[in-house]
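1. I need the structure of the sequence given here:
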Amino acid sequence: MEDDETKDKKPEGTVKDSDNGVQSETSKELDRADEIVERRNRVCEREENILNRKESFAAREAASGRSEAGQEQLTPEAKAKKEAADGAKEIVDAFR
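-> Model prediction:
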């Protein structure tokens with residue numbers, strides 16, 4: 001008689017009654033995993049778009065000559081002297 005009782009028991013927490021339209025726990029977990037994968041794919045696409053825009057911007061900047069690559073770094077004193085000289089030149093040019 002014990003065998004009849006154990007045959008009728010379903011393992012608890014694994015599969016629900018599918019006749020009532022209730023999903024199994026495994027199906028819910030798979031659906032959740034699919035959502036996570038889709039969300040991660042969208043994030044990767046956004047990051048790729050951002051990277052492409054950054055690369056495009058850097059290429060345009062380099063082509064226009066506004067890139068800082070290869071320029072010598074001025075000390076603060078040298079930078080101040082250069083700015084003063086540029087300012088003085090503008091003043092002189094304004095009076096011509």
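2. tell me, how many residues neighbour Ala85?
-> By other CB atoms under 10 Å, 10 other residues sit near Ala85. For the C-beta atoms, the positions are set from N, CA and C on the backbone; glycine is no exception.
3. actually Glu61, sorry about that
-> Neighbour count for Glu61, taken as other CB under 10 Å: 13.
4. what is the mean pLDDT for the helix or strand where Glu55 lies?
-> Assigned by DSSP states H and E, Glu55 falls within helix 25-64. Here helix 25-64 scores 92 as its mean pLDDT.
5. if I look at Pro76, how far off is Glu83?
-> Counting by CB to CB, to the nearest Å, the separation of Pro76 from Glu83 is 11 Å.
6. over to Val92?
-> Computed with CB to CB, the distance linking Val92 and Glu83 is 15 Å.
7. kindly report the same for Arg39.
-> Counting by CB to CB, the gap from Arg39 to Glu83 is 50 Å.
8. picking that back up, what is the helix holding Glu55 packed up against?
-> When contacts are defined as 3 or more CB pairs under 8 Å, 6 or more residues apart in numbering; DSSP states H and E, helix 25-64 packs onto no helix or strand at all.
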